[in-house]
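Q: Have a look; sequence and predicted model below, questions after that.
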Amino acid sequence: MKLNELRDNPGATKSRKRVGRGPGSGMGKTAGRGIKGQKSRSGVAIKGYEGGQMPLYQRLPKRGFNKPNRKKYAVVNLGILQKFIDAKKLDAKKAITEDVLLDSGVVRRKLDGVRILAKGEITSKVTLEVTGASKGAVEAVEKAGGKLTVTTPASEAAPAE
């Protein structure tokens with residue numbers, strides 16, 4: 001087989017339909033859109049329109065509440081942490097802070113802080129300083145002989161009086 005003999009399987013690709021290219025194409029003049037009306041014009045967006053009737057998405061009741069100032073944490077599982085320590089991307093002897101996790105690539109961005117969850121096993125003795133942690137994660141780290149400190153971010157630490 002040579003490079004010039006490479007071809008797609010028959011029927012694997014389909015050429016695109018070129019509309020509005022003259023009467024001989026079978027898709028000329030109105031280009032398959034019919035005559036007049038909103039759908040024959042460009043810039044049509046009538047996906048949720050029900051001909052003047054109240055659309056379904058507006059008829060359904062609203063439920064729940066979305067907290068506007070909810071905190072969004074970058075989540076790190078203990079198993080991932082152990083994997084990074086084994087791969088020598090994290091140093092278990094030094095204190096692991098949020099900035100260290102960011103530099104090593106465990107988390108992509110800090111968001112409102114880093115939260116440790118107890119999924120996976122941790123065997124290394126580590127000292128962690130993060131914004132949040134689950135009870136299971138704290139227990140697992142202490143069981144492995146380490147220490148997990150939950151710090152409050154600078155924005156919350158100083159109460160406004």
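A: Okay, I see it.

Q: What are the boundaries of the helices in this structure?
A: Taking DSSP state H, the helices of the chain run over residues 56-59, 78-86, 98-104, 135-143, 154-157.

Q: Point out the most buried one among those.
A: helix 78-86 (a mean of 18; mean count of other CB atoms under 10 Å). Quick note: C-beta positions are derived from backbone N, CA and C, even for glycine.

Q: Which strands or helices does that helix pack on?
A: For helix 78-86, the elements it packs on are strand 114-117, helix 135-143, judged by 3 or more CB pairs under 8 Å, 6 or more residues apart in numbering; DSSP states H and E.

Q: want to throw the ones you listed into CSV with distance to residue 70 and mean pLDDT?
A: Below are the helices and strands packed on helix 78-86 laid out as CSV (distance: least, CB to CB, whole Å; pLDDT from 0 to 100):
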stretch, distance to residue 70, mean pLDDT
strand 114-117, 13, 91
helix 135-143, 21, 90
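
Q: want to throw the ones you listed into JSON lines with distance to residue 30?
A: Shown next, in JSON lines, are the helices and strands packed on helix 78-86 (distance: least, CB to CB, whole Å):
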{"stretch": "strand 114-117", "distance to residue 30": "58"}
{"stretch": "helix 135-143", "distance to residue 30": "64"}
